[in-house]
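Enquirer: sharing a sequence plus its predicted fold:
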Amino acid sequence: MPEFTALLKNKELQVQYTDSDNVMIALYDEVDWGTCGGSGVCGTCVCHIVEGEEFFAEPDINEQDTLEFINVPNARLGCQLWLDAVPDKKLTIRVTDVDN
């Protein structure tokens, strides 16, 4: 099963995923994402792509609006980062705590 690296609270985790997962789903057991359910409107799954940005589509208008509202520059929503095109060990994500 492929893996990516997640930087979370000063820890580096190797996270397994399937091609039907997004970052939020892959990290579900490690992070309390809240209750949005992956619709891209709450902003609780904010991440920064450290390596591997080229494997994702540009943010759609809903994701852009959410990121603008929560005011976290250069971020993405984990629920919108689908892993189907990400090769094994080619992605590093930093999970961002928007409350800090």
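Expert: All right, it came through fine.
Enquirer: those helices in this protein, which residues are they?
Expert: Assigned by DSSP state H, the helices in the chain fall at 23-26, 61-70.
Enquirer: now render those helices as CSV, adding mean pLDDT, distance to Lys90 and mean neighbour count.
Expert: Heads up, the C-betas are built off the backbone N, CA and C, glycines and all. CSV is the format used below for these (pLDDT from 0 to 100; distance: least, Cβ to Cβ, whole Å; neighbours: other Cβ atoms under 10 Å):
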stretch, mean pLDDT, distance to Lys90, mean neighbour count
helix 23-26, 95, 14, 24
helix 61-70, 93, 22, 15
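Enquirer: which one of these lies nearest to Val86?
Expert: With respect to Val86, and counting by Cβ to Cβ, the nearest of these is helix 23-26 at 9.3 Å.
Enquirer: may I have the closest one exported as CSV, CA atoms only?
Expert: In CSV, the C-alpha atoms belonging to helix 23-26 read as follows (Å, rounded to 0.1, in the frame of the first residue of the first chain):
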residue,chain,number,x,y,z
VAL,A,23,-5.7,13.5,2.8
MET,A,24,-8.5,13.9,5.4
ILE,A,25,-9.6,10.3,5.1
ALA,A,26,-6.0,8.9,5.2
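Enquirer: quick one: distance of that helix to the chain centre.
Expert: Averaging C-alpha positions (Cα atoms, centre = their mean, to the nearest Å) puts helix 23-26 7 Å from its chain's average.
Enquirer: hmm, who's touching it?
Expert: 4, 15-17, 31, 33, 38, 45, 47, 77-79, 81, 83, 93 (Cβ atoms under 8 Å, 6 or more residues apart in numbering).
Enquirer: rerun at 6 Å
Expert: If you take Cβ atoms under 6 Å, 6 or more residues apart in numbering as the criterion, helix 23-26 is touched by 15, 17, 33, 38, 45, 47, 78-79, 81, 93.
Enquirer: these: which two are farthest apart?
Expert: Farthest-apart pair in the contacts of helix 23-26 is Val15 and Gly38; separation 16.6 Å (Cβ to Cβ).
Enquirer: surely Thr92 and Val50 touch.
Expert: Yes: checked against Cβ atoms under 6 Å, the pair Thr92 and Val50 is within contact range at 4.0 Å.
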